[in-house]
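>>> Sharing a model that was predicted from the sequence below.
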Amino acid sequence: MATKSFVRDATGLVKEYGPMDFLLFASAAVFALVFTTTQFPWFYGNTLGADLPLSLLVAAIPFIFLMVAYLAIGVAMPRSGSDYVWVSRVFHPAAGFTWSLFYMFSVFYVAYVGGVFAFSYAFSTALTVMGLISSNASLTNLGSFLGGSLGSFYLAVIFTLIFGLFAVFGSKLVKGLLYVCWAIAIIGIGLMWYILSTSTPATFAAKWDSLLGSLGSGVSYNALYATNSSSFPGVATGTAAIIGALPLASLFLLGGNYVNAAAGELKNVKRSIPIALFLSLVFGILYWSVTSALTLNAVGSNWITVVGHGWDSNPNGYGLPFPPSQPLMLAVIAYPNTALVEAMLFTYLAGSVATMFTYFWLSTKYFFAWSFDRVLPSRFATVSERFHTPYVATIAMVVVGILLSALYALLGWSTAFTLGTVMWDVAFIVPGAAIAVFPFIRKDLFSNAPGWISKKLGGLPVVSIIGFLTAVLFAWLGYIAYTDPIITTPTTLSFEVAAGIIVLGLIIYFASASYHKRRGLDVSLAFKQIPPD
């Protein structure tokens, strides 16, 4: 008896999410309180003070084309792992699987694993600050432990196990987590903006010295600035500074398009996907621009740039025993109002949980899609009849999450830094190119594509123009990042990891194809058609 091309005739997934759900997922992927933990000293220190809001507006140009491209992908092929489905149906299935493995790994490692470790830093800082305020050495010591590699790893394991349970037990838990965390996050954002708006560099300096003076004279506001200004090369200005900052600015905007991975579980795709993609981009630009401006006005733009550069260059010897993080600066400004400090730290942490869950949950969709196409063992496509969730794929991501957390604890942020600024940007060349050639390679699908996707402009398909510009612009961002020694010099290992993933993807695909061929099934037949709902 002939074996089916796909694992079964229907995915078993249910369309349980609407426009608001996807907007919250997409927005959580672009901005969160926890993402501010060290973003500003990191950005301004590495770019020598480049204008972040202006950099975001310039970086938004390629992202607008990216969102249009992913709108086309999501509407034309609304399936789990929709960009994987697209690339594998336009190009060769080996290319689709290998690219999506590389892309999913980059996003998961940078955004999920890196996000959990950022959360650990924020948690560590919160405990350290509370210990300083209350003179409680136990809290300070616990904060120091969680700020280290081992403590952060333990926290990553706990979150990964909890997120796995939420993902397995279905949409009600997922939506509950999403909406509760966003309600807390909105309060937290309001608190953060309020606290920052009450400060000036002069008042911040006085409070900084009052709260941190017990750590020694070398950590005072002015002393910290003086220590790090001796090696500071000077503030960067002009167009060159903006262009050079674009790869780093793009990290602030990445992620919204990742919601397409769950397009197969989305109601009213034509309405929901554009809302999620474009509003998350707009909200992200506004959030980061406002937060950045308020932070600079509160603590001093020169101070955060110089101290940030010192921390970026020498994190163990720039003057403080911990990073110059956003929770620390917020606590300093709110001091001595203990209740305000506690409320701010709670909302900062609790409001960020949805972001980490989003990156975990969306990544499981690729495991399911690969299995449904029989590239991976069909067991990974098993769906719970009660909860309508791909629980085996979710368990697999729990294991992957723990292993990658151990890798992150070993290698540190530098490897993730390059994966985020170079690999993640460069990854979008492939779906952009697939969209560009789609009308010419898959004429059957193009002629039946819905709405504007099948339209032409001046004889050229509109989607081809969008895809070409997407590929070129993200290649340009990747080139800027690759040629910047700040980004690439200390992180050669990242490129070796990336090359290893590509080789692994090719090996897995062709081994799977050979295995099925010996059993009378040509797996490439599945890639000639769109998977069923």
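Yep, that arrived.

>>> In this structure, which helix is the longest?
Across the chain, the helix with the greatest residue count (assigned by DSSP state H) is helix 269-299.

>>> Quick one: mean pLDDT for that helix?
Throughout helix 269-299, pLDDT has a mean value of 96.

>>> quick one: buried residues of that helix?
269, 272-281, 283-285, 287-289, 291-292, 294-296, 298-299 (16 or more other CB atoms under 10 Å). The way it works is simple: take the backbone N, C-alpha and C, and place the C-beta from them, glycine included.

>>> How about stretch 514-533?
His516, Leu521, Val523, Ser524, Ala526, Phe527, Ile530, Pro531.

>>> go on, stretch 230-246?
Buried, per 16+ other CB under 10 Å, within stretch 230-246: Phe232, Val235, Ala236, Ala241, Ile242, Gly244, Ala245, Leu246.

>>> I'd say the first one and Gly310 touch.
Yes. Phe232 lies in contact with Gly310 (CB atoms under 8 Å); the separation is 7.4 Å.

>>> contacting residues for the one residue sitting closest to the centre of the chain?
Per CA atoms, centre = their mean, the C-alpha nearest to the average position across the chain is that of Ala111, at 3.5 Å. By CB atoms under 8 Å, 6 or more residues apart in numbering, the residues touching Ala111 are Ala29, Leu254, Gly255, Tyr359, Gly420.

>>> quick one, phi/psi of it?
Note on Ala111: backbone dihedrals following degrees, to the nearest 10 are phi -80, psi -40.

>>> For Ser363, see how far away it is.
Shown here: Ala111 relative to Ser363, a distance of 9 Å by CB to CB, to the nearest Å.

>>> Go ahead and confirm Leu404 touches Val116.
No. Using CB under 8 Å, Leu404 is not in contact with Val116; the gap is 10.0 Å.

>>> out of these two, which sits in the more crowded spot?
Val116 (27 against 21; other CB atoms under 10 Å).

>>> How about the more buried one: what's its closest non-neighbour residue?
Leaving out its chain neighbours, the residue that sits closest to Val116 by CB to CB, 6 or more residues apart in numbering is Ala156, at 4.4 Å.

>>> what residue ranges in this structure are flagged as low confidence?
1-4, 412-421, 485-494 (pLDDT under 70).

>>> What segments of it are strands?
456-457, 460-461 (DSSP state E).

>>> Show me the contact partners of the last one.
Pointing back at strand 460-461 there. Phe438, Pro439, Phe446, Ser454, Lys455.

>>> I'd like the distance from stretch 258-277 to the chain centre, please.
18 Å (CA atoms, centre = their mean, to the nearest Å).

>>> Tell me which residues are up against it.
11, 13-19, 22-23, 25-26, 29, 67, 70-71, 73-75, 77-83, 107, 256-257, 280, 358-359, 361-363, 365-366, 450-451, 533.

>>> Straight-line length of that stretch, end to end?
9 Å (CA to CA, to the nearest Å).

>>> now swap in stretch 518-525 and tell me
Stretch 518-525 end-to-end distance (CA to CA) = 15 Å.

>>> Name the residues that touch it?
With contacts defined as CB under 8 Å, 6+ apart, stretch 518-525 is touched by Ala2, Thr3, Ser5, Pro93, Asp373, Arg374, Val375, Ser512, Ala513, His516, Lys517.

>>> how about the residue lying closest to Ala350 once chain neighbours are set aside, what does it touch?
Using CB to CB, 6+ apart and skipping residues adjacent in sequence, the residue nearest Ala350 is Ile184, 4.7 Å away. Ile184 makes contact with Thr347, Ala350, Gly351, according to CB under 8 Å, 6+ apart.

>>> give me phi/psi at the last one?
Which is Gly351. Per degrees, to the nearest 10, the backbone of Gly351 is at phi -70, psi -10.

>>> Kindly provide the distance from it to Ala28.
From Gly351 to Ala28 the distance is 10 Å (CB to CB).

>>> Quick check: neighbours shared by these two?
Cys181, Trp182.

>>> Give me the PyMOL select line for the contacts of stretch 258-277, limited to the buried ones.
To isolate the buried subset of the contacts of stretch 258-277 in PyMOL, counting by 16+ other CB under 10 Å, use the following:
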select buried, resi 11+13+14+15+16+17+19+22+23+25+26+29+67+70+71+73+74+75+77+78+79+80+81+82+83+107+256+257+280+358+359+361+362+363+365+366
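
>>> Out of the contacts of stretch 258-277, which sit inside helices?
Per DSSP H, the subset of these in helices is 19, 22-23, 25-26, 29, 67, 70-71, 73-75, 82-83, 107, 280, 358-359, 361-363, 365-366.

>>> number of nearby residues for Ala263?
Neighbour tally, Ala263, other CB under 10 Å: 27.

>>> which one is it nearest to, not counting chain neighbours?
In space, Ala263 is closest to Pro78, 4.2 Å off (CB to CB, 6+ apart).

>>> same thing with Phe387?
Nearest to Phe387 is Gly170, by CB to CB, 6+ apart, at 3.7 Å.

>>> residue contacts, that neighbour?
Gly170 neighbours (CB under 8 Å, 6+ apart): Glu16, Ser384, Arg386, Phe387, His388, Thr389.

>>> repeat that for 10 Å
Neighbour list for Gly170: Val14, Glu16, Ser384, Arg386, Phe387, His388, Thr389, Tyr391 [criterion: CB atoms under 10 Å, 6 or more residues apart in numbering].

>>> Let me have those residues in a markdown table, adding distance to Ser220 as columns.
Formatted as a markdown table, these follow (distance: CB to CB, whole Å):
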| residue | distance to Ser220 |
| --- | --- |
| Val14 | 59 |
| Glu16 | 54 |
| Ser384 | 57 |
| Arg386 | 60 |
| Phe387 | 55 |
| His388 | 58 |
| Thr389 | 53 |
| Tyr391 | 54 |
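
>>> so which of those residues is the most crowded?
Neighbour max across the contacts of Gly170 (other CB under 10 Å) = Thr389, 27 neighbours.

>>> from memory that one sits against Lys172, does it?
No. Using CB atoms under 10 Å, Thr389 is not in contact with Lys172; the gap is 11.0 Å.

>>> before we move on, back to that, quick one: the residue nearest to Phe387 and Ser210, what's the gap?
For Gly170, the distance to Ser210 - CB to CB - is 50 Å.

>>> Touching, Phe97 and Val87? I think so.
Yes. Using CB under 10 Å, Phe97 makes contact with Val87 at a distance of 8.8 Å.

>>> what about the closest residue to Ala481 other than its chain neighbours, neighbour count?
In space, and not counting its chain neighbours, Ala481 is closest to Pro247: 3.5 Å by CB to CB, 6+ apart. Using other CB under 10 Å, Pro247 is surrounded by 28 other residues.

>>> residue contacts, Pro247?
So Pro247 contacts 46-47, 55, 59, 420-422, 424-425, 476-484, 486-487 (CB under 10 Å, 6+ apart).

>>> One more: Leu281?
If you count contacts by CB under 10 Å, 6+ apart, Leu281 has them with Ala26, Ser27, Val30, Ala60, Phe63, Ile64, Leu66, Met67, Leu253, Gly255, Gly256, Asn257.

>>> check contacts around the closest residue to Pro324 other than its chain neighbours.
Nearest non-adjacent residue to Pro324, counting by CB to CB, 6+ apart: Pro41, 4.8 Å away. Residues in contact with Pro41 (CB under 10 Å, 6+ apart) are 295, 299, 303-312, 318, 323-326, 329.

>>> Neighbours of the closest residue in space to Thr237 that isn't next to it in sequence, how many?
Excluding the flanking residues, the one nearest Thr237 by CB to CB, 6+ apart is Gly49, at 7.8 Å. Neighbour count for Gly49, taken as other CB under 10 Å: 24.

>>> these two touch, right, Gly49 and His309?
Yes. The pair Gly49 / His309 is scored as a contact, 8.7 Å apart, by CB under 10 Å.

>>> which neighbours do these two share?
Between them, Gly49 and His309 share the contacting residues Phe232, Val235, judged by CB under 10 Å, 6+ apart.

>>> May I ask you to confirm that Thr203 is in contact with Ala334?
No. Taking contacts as CB under 10 Å, Thr203 lies outside contact range of Ala334: 11.6 Å.
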